[in-house]
Each structure stands twice: as structure tokens, then as C-alpha cells.
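Chemist: I'd like to go over a predicted model; first the sequence, then the structure.
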Amino acid sequence: MLTSYLYVNKTVVASGVRALLFVTRLLSLIIFLLFVCGALGTSTDWISFFTENEVAIVSFREYAGIQLPYIYFLASPLLILLLASDVEQAVQAGGLRWFLVFVSALSLALSGTRSHIVIAVLYFPLRTIFLSENLLLRIGIIFIIGTLVLVVLNNELIQALFSFSETSNSMKIGMLDSYLTMLGDPLTLLFGQGYNSYEWSADLRKIIAMDIGASKTELTYLELVRVYGLVWAALFMAFLVRAVYGLKEVGREFRWLYFGFFVYLLNCSLNPYLFSTNGILPLALITSVIATSKVHRFDRDTNDDRLVVN
């Protein structure tokens with residue numbers, strides 16, 4: 001979070017946001033290019049530069065006998081913010097910008113995690129539901145999504161993706177008993193176990209992947225309570241909520257971060273991104289966006305400062 005002090009004014013903050021979007025755009029294009037090369041049967045040996053340096057995993061995941069591409073980079077979660085920016089630009093300007101939305105959404109889906117696939121598919125309709133002032137449009141989209149959910153629930157692939165018996169889902173559900181045991185201790189509930197508890201907590205060691213050197217689980221918000229204790233975790237959660245609402249009132253230039261960061265935090269609930277540079281560095285930048293942006297109130301007479309989805 002100390003990196004937020006690097007952003008001393010709005011000009012520097014704008015440069016930081018542009019740098020974030022530039023880097024994630026490059027990442028999106030690399031994933032998209034790799035997918036196209038694989039589909040065309042051309043050489044993909046160049047990706048070894050990333051895999052050998054352990055910043056990417058390229059493989060397949062199999063659900064219900066169907067193999068799905070798994071092109072996961074360490075920075076893949078940040079593609080959610082790129083998608084948020086692209087959608088906002090496409091809504092405002094239209095045209096070929098929708099192709100950028102397609103590329104960023106596809107690259108996010110190709111990262112292979114189920115949450116990324118769902119976000120890639122549903123980001124735009126959910127954004128419209130949350131931000132549109134057209135009630136009939138919102139109701140219509142909710143009806144369409146609900147209908148599609150009912151239709152695909154019987155799909156074997158969808159059932160395999162979200163089945164409680166699936167390995168990853170089963171592991172996360174199985175962690176809840178251990179959390180109840182750990183947080184049942186009043187001292188742990190109030191003050192937490194600290195960062196080094198993977199060294200001494202038998203209950204924690206049972207649910208983390210010790211074989212790969214893990215020190216935390218993917219249930220981020222429960223981890224906040226386990227590590228910090230209830231009081232400090234509540235303060236940090238309040239800080240996150242304030243950050244989201246703060247983004248609602250920044251200038252139009254950065255307003256796309258409002259819903260994008262909200263979705264990013266939802267994604268963090270079942271993944272450990274918030275505990276890494278994927279979470280803290282964007283949070284520091286977003287904090288600086290809020291601190292340096294002129295606050296725009298929604299009760300002004302003009303519509304220029306409103307975030308409206310037509």
C-alpha cells in the first residue's frame with residue numbers, strides 16, 4: 001500500500017492507470033495470440049519464455065470429458081479491470097471497440113478458472129443490470145439470464161464446472177469445518193493467528209497445499225479474519241467498501257473502475273489474489289485515484305457527471 005504515495009497528483013495517477021491498461025492489454029494479446037496459434041496448428045514454442053520463468057501455466061482442464069484451454073498468467077486476474085475499461089469505452093464510443101471487448105473477455109475466459117469464465121460471459125449484462133437507469137432493460141436482462149441459467153443447468157459441462165463434488169469446489173467446502181474449529185477459539189477470532197501460522201497451526205496445515213509451499217487458502221475473506229482477527233479484518237473490509245463507493249464519485253475518466261473493482265473483489269472471495277501484488281498494487285492505485293480525483297456528486301443539475309447506461 002505504500003506504493004500509493006508514488007501517485008502525488010492526478011497526472012501521475014492517470015499515467016499509472018494507463019500503464020496498468022497497457023500491460024494488461026499486452027497480456028490479453030499474448031493469450032489471444034497463443035490461442036489463435038494453437039487453433040491454427042502453428043508453433044507455440046515462444047510461450048516457453050513465460051512458462052519456464054514460472055509466470056504462466058499453459059495446459060487444459062477437463063470437465064465432463066471436455067477439455068478447456070488453461071492459459072493462466074500470474075497477472076490474469078487483472079484482465080477484469082481491462083475488460084471493465086473496454087466495456088466502458090465500447091458503450092460510450094461503440095464501433096470497433098466492441099472487438100477489444102471480445103478479445104479481453106476471451107483472454108479472461110481462456111485463463112481457465114471458473115470465476116474468470118463466468119465474469120467474461122456475464123460482465124456486460126451484470127454491469128447493465130447494476131448501472132442502467134432503464135428499469136425495463138434491467139428486468140429484461142435479468143429475465144434472459146434467468147432463462148439461460150435454467151436452460152444450461154442440465155448441460156453436463158455446466159454441471160461438472162459447478163458441482164460440489166468437483167475437486168476444487170470440494171476442497172473449498174471441506175475447508176469450512178477447519179475454519180469453524182480455528183475461529184471457535186476466542187483468541188483467534190479476536191486477534192487472528194498471524195501470517196506465520198502455517199508453521200504451527202495443525203488445523204491450517206491440514207487445508208493448505210503444503211507440497212507447493214502455500215501459506216494461505218483461497219477463501220480470502222475468511223483468511224482475513226483468521227490472519228488479522230475480527231476487529232482488524234472488519235476495518236480492512238470497511239476500507240474496501242469505502243474504496244468501491246469512492247470510485248462511484250470520481251470523474252468520468254476513472255468511473256469504469258467502480259463496477260470493475262467491485263467485480264474484482266467478488267472474484268477475490270474464492271481466490272487468494274487480494275493477498276498478492278495482483279490485489280495490493282491495484283488497490284494502492286485505486287486509493288490514489290480516489291484521493292486525487294475531484295469528487296463529483298450525483299445531485300448536480302447537469303447529466304455530464306452521471307454514469308448512465310443507455
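Modeler: Arrived safely.

Chemist: switch to C-alpha atoms for all contacts and neighbour counts from now on
Modeler: OK.

Chemist: and Ile119, what does it touch?
Modeler: Shown in contact with Ile119 (CA atoms under 8 Å, 6 or more residues apart in numbering): Ile80, Ala109, Val263.

Chemist: which of these lies closest to Ile145?
Modeler: Closest approach between these and Ile145, by CA to CA: Val263, at 17.4 Å.

Chemist: Closest one of the contacts of Ile119 to Ser132?
Modeler: Nearest to Ser132 among those is Val263, at 16.4 Å by CA to CA.

Chemist: now that closest one: how far from Tyr5?
Modeler: Distance, Val263 to Tyr5, by CA to CA, to the nearest Å: 25 Å.

Chemist: go on, Ala39?
Modeler: Taken as CA to CA, the span from Ala39 to Tyr5 is 45 Å.

Chemist: and what of Phe275?
Modeler: Distance from Phe275 to Tyr5, counting by CA to CA: 20 Å.

Chemist: Give me the more crowded residue out of those two.
Modeler: Using other CA atoms under 10 Å as the criterion, Phe275 and Tyr5 rank with Phe275 on top: 15 against 12.

Chemist: Now do the contacts for the more buried one.
Modeler: Listed by CA under 8 Å, 6+ apart, the contact partners of Phe275 are Thr220.

Chemist: any idea how far Ile139 is from Tyr258?
Modeler: Counting by CA to CA, the gap between Ile139 and Tyr258 amounts to 22 Å.

Chemist: Which of those two has more residues huddled nearby?
Modeler: Taking neighbours as other CA under 10 Å, Ile139 and Tyr258 compare with Tyr258 leading, 20 against 12.

Chemist: Please state the offset of whichever helix or strand Phe261 is part of from the chain centre?
Modeler: Using DSSP states H and E, Phe261 falls within helix 257-268. Its chain's average C-alpha position is 6 Å from that of helix 257-268, according to CA atoms, centre = their mean, to the nearest Å.

Chemist: Can you tell me what sits against that helix?
Modeler: Helix 257-268 is contacted by residues 77, 80-81, 83-85, 115-116, 119, 127, 220, 244-245, 247-248, 274 when judged by CA under 8 Å, 6+ apart.

Chemist: Repeat the analysis, applying 6 Å as the threshold.
Modeler: Under the contact criterion CA atoms under 6 Å, 6 or more residues apart in numbering, helix 257-268 has outside partners Leu81, Ala84, Val244, Leu247, Lys248.

Chemist: again, but for stretch 216-232
Modeler: With contacts defined as CA under 6 Å, 6+ apart, stretch 216-232 is touched by Leu189, Leu190, Phe191, Gly192, Gln193, Gly194, Ile208, Ala233, Ser269, Leu270, Asn271, Pro272.

Chemist: Mind doing that once more with 7 Å?
Modeler: With contact meaning CA atoms under 7 Å, 6 or more residues apart in numbering, stretch 216-232 is reached by 183, 188-195, 208, 233, 268-272.

Chemist: and if you look at stretch 280-295?
Modeler: Against stretch 280-295 from outside (CA under 7 Å, 6+ apart): 1, 3-4, 7, 9-10, 13, 243, 246-247, 249-251, 274.
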